[in-house]
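Student: fold the following, please.
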Amino acid sequence: MRPPRVLTTATAAISLVVGGESLAQQSVLEYRFAGMDACFTDPKDARAHEAFMLLGRRLAELQSDLDLEPEAGQAIDLAWDILAGAYSLRLDLVDQEPGIAFALTSVPADGASARSVIDRMASFAEMGGVPAERDDAGSMFFETPAGAGSIRLLETPAGGAAALTVGPAEPALIEFNSDLLPVGASPIMSMRADLAGLSRVLIPAIERDSPELAMLLTESGWLGEDAPSLAMAMGSTGNVTHSRAILYDAVRVLSDAGAGPEVVFSAEDFAVVPRDAVRVFARPLSFGSLLGLLETVEQEGGTDVLGEISRELGFNVRTDVLENLGPRSLLYQSDATGGGGMLSTVTIMELRDPGAFARAHRRAIDRFNQEMLDQAKGHIRIHTARRDDREVYSLMTPGIPIPLELAWAIAGDRLVIAFSPGSLEAALAQIDSGENSIVDSKPFKSAITDRIPENGISFASYADSSRLARRGYGLTSMLMAALANGVRAPSEPDRVSGSLMPSFSEFASDIRPSGAIAYWDGDDYVMDAQTDASMLVTFAAGAATLADFQGVAAAALGGGVMLPALGKARESARQLKSATQLRGITQGIIIYGMDNEQAMPASLDVLIAGGIVSQEMIESPFGPAFDGEPDFTFWFDVPGDQAFAFNDRQILGIDRAMLLSTGYETNVAFADNHIERLSTWELDELLAEAQNEGAREALGIPDL
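Tutor: Purely as a prediction, here's the structure:
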């Protein structure tokens, strides 16, 4: 259920009376941050926190160290005092042009006073030529295109605050009152955004630069009158950091992306993952957005990309592959499948119609191997083997010592992909047995399965932070040394002494696993994450492996297991279409010559006028040629006895657009009506022969 468009009681839709006129005001964005002190609550982070807070002091010294203008140094100092302290931002929409009101309230950090922040803000405003007035209390008042503005002092429970307002906005509240966090949690940040309201500002701005993007965002439901609202918060309780977000009325936008309420995971679905998994990701899988984008491109370009690829491969890429994959996928890294690092990654994707996928897969393999035999002399091929009544496949490079052998198999209604045949065998064994799985792991139970609601989850992310943080301890120590050196000054080298990191034993003790789940609550999409409260632990776990990037890369690799073949097939489809058109034009020239005493036509226009070829036939799939010249060029001045002598070395025409597009090859038409794809050096050899003298100039072949 969508909450009111107005996001808090403090910023409820109100009526402001300005000059006797009533204005409807609506808060569409609110962000609150409790300050850097709130981010470092774990004792393990104490020394790192002290050093980090010295950054403000060090940044202020850069003015003299780097010989900056005084204004630049003052701006850096002011920005630090605001961003490191507690602050609140709010954006309101007002039913009057220009329709925006803005508020910033800041309780500065590191000993700075709110009064000093106000004075510096006012000073910058005056330096910028903003006409302003000050009262006896030091507050500043000015006019802007958005309405009246002010910079003044507020007293808040958090202390003195500097309040900047522009337009008919009340000061943003510093106090946290989020019902998203557990009872007793210390808040770190919170945000609320009304995307429908923000659309009034964002859509016109996006349309000015990219009307297509604005239309795409509106049609997808992320912007526009029916766009969802978002609320999120982060806080800590003891040694756990909690993050929670709710996307209200999200059914439309997420269902269109294949992540609707009907696509869920239960605890039993994780039995295919080994117990020693280091990372696990579970998510919906859909290529609906990609297919929608392709349809838009095809409509604008007038080309049927998937159709061309399908005709070349002999199966329907849309229905047999892209729409067949899903609706769910799992990705994990484990000791059992290769030591827990990147190369242990396994991706498992469900198949809606395994039979159709298997048939398409076989045709793609056959086509790929034939292409690689022709073009790579067999140094790249897909190998098929039989293991336990199941076919397994691997991408080999015989004779080339590439340290990777991607492997995959179809296991029932699943496509399983791994980075090595050994990893694949371990993954298949886990699927077949379902024993000793991650479901039996206590850390996984506490982070994921114990939190799964009755109706299941739409997404899950798990990390064995204890193990990962240990692995990232060394790199994190190096970065903390860099921080320590960075905040020291040549004049004060002892400003920070000793290591900012706790000892390894202290650091590695009592590390909480990381777990994030997402689930549907009616029409609302709820995301709930828990991590270790230590910033150093979280950073070290991330430093151990770039898991997010690995997850995206491995998922893309899994979804595109046939992309090498498909990419090659698309290019082959263009080459084939080019050759077909070139042959058709050449046959048209022969027909014209038969009717005109073996005379060459004066131009392609003559063939079009005579109904021998069509306008579409002379437009290359590689075109249009970027220099504006014709796509297909022919040697119309070649003597008739040469043109119709059926000489397999006599050049008649080329796909010039293809030559310009690739820079290294093109289709060539010969007098015996055969078409051949030649590299530029092969073409140069032919052009050097006596019968082809003058062809280079006639065909408009540039020096490549």
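
Student: switch to C-alpha atoms for all contacts and neighbour counts from now on
Tutor: Noted.

Student: for the stretch 401-550 of the chain, which spans come out with low pLDDT?
Tutor: Within the stretch 401-550 of the chain, the segments meeting pLDDT under 70 span 545-550.

Student: please enumerate the strands of it.
Tutor: Ranges of strands within the stretch 401-550 of the chain are 407-411, 414-418, 459-463, 514-521, 524-532, based on DSSP state E, counting those that start in this stretch.

Student: how about these in TSV, adding distance to residue 444 and mean neighbour count?
Tutor: Compiled in TSV, these are given as follows (distance: least, CA to CA, whole Å; neighbours: other CA atoms under 10 Å):
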stretch	distance to residue 444	mean neighbour count
strand 407-411	25	23
strand 414-418	22	26
strand 459-463	7	23
strand 514-521	8	23
strand 524-532	12	21
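
Student: and those strands: which comes nearest residue 159?
Tutor: Closest to residue 159 of the strands of the stretch 401-550 of the chain is strand 524-532 (CA to CA; 29.7 Å).

Student: coming back round to it: can the strands of the stretch 401-550 of the chain go into CSV with extra columns for distance to residue 189?
Tutor: Shown next, in CSV, are the strands of the stretch 401-550 of the chain (distance: least, CA to CA, whole Å):
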stretch, distance to residue 189
strand 407-411, 43
strand 414-418, 39
strand 459-463, 22
strand 514-521, 18
strand 524-532, 14
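
Student: among these, which is nearest residue 655?
Tutor: That would be strand 407-411 among those, by CA to CA, at 38.9 Å.

Student: okay, now the sheet partners of the closest one, with direction.
Tutor: According to DSSP bridges, strand 407-411 forms sheet pairs with strand 390-396 (antiparallel), strand 414-418 (antiparallel).

Student: can I get those in CSV with distance to residue 277?
Tutor: Below are the strands paired with strand 407-411 laid out as CSV (distance: least, CA to CA, whole Å):
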stretch, distance to residue 277
strand 390-396, 23
strand 414-418, 14
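
Student: among those, which comes closest to residue 496?
Tutor: That would be strand 414-418 among the strands paired with strand 407-411, by CA to CA, at 46.6 Å.

Student: how about the closest one as PDB, C-alpha atoms only?
Tutor: What follows is strand 414-418, C-alpha atoms only, in PDB (Å, rounded to 0.1, in the frame of the first residue of the first chain):
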ATOM      1  CA  ARG A 414      18.400 -26.100 -15.200                       C
ATOM      2  CA  LEU A 415      21.400 -24.700 -17.200                       C
ATOM      3  CA  VAL A 416      24.500 -24.900 -15.000                       C
ATOM      4  CA  ILE A 417      27.600 -22.900 -15.900                       C
ATOM      5  CA  ALA A 418      31.100 -23.000 -14.200                       C
END
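
Student: for the stretch 451-600 of the chain, just list every one of the helices.
Tutor: Secondary structure of the stretch 451-600 of the chain (DSSP state H, counting those that start in this stretch): helices at 465-471, 473-487, 504-508, 535-544, 547-559, 563-595.

Student: number of residues surrounding the closest residue to residue 274 other than its chain neighbours?
Tutor: In space, and not counting its chain neighbours, residue 274 is closest to residue 437: 4.4 Å by CA to CA, 6 or more residues apart in numbering. Neighbour count of residue 437, defined by other CA atoms under 10 Å: 19.

Student: list the contacts for residue 437?
Tutor: 270, 271, 272, 273, 274, 275, 276, 430 (CA atoms under 8 Å, 6 or more residues apart in numbering).

Student: take these and keep only those in strands.
Tutor: Using DSSP state E to define strands, no part of these is located there.

Student: just the buried residues from those residues, in ChimeraX please.
Tutor: Only the buried entries of those go into this ChimeraX selection, using 16 or more other CA atoms under 10 Å:
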select :270,271,272,273,274,275,276,430
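
Student: having no further points to raise, I will conclude here.
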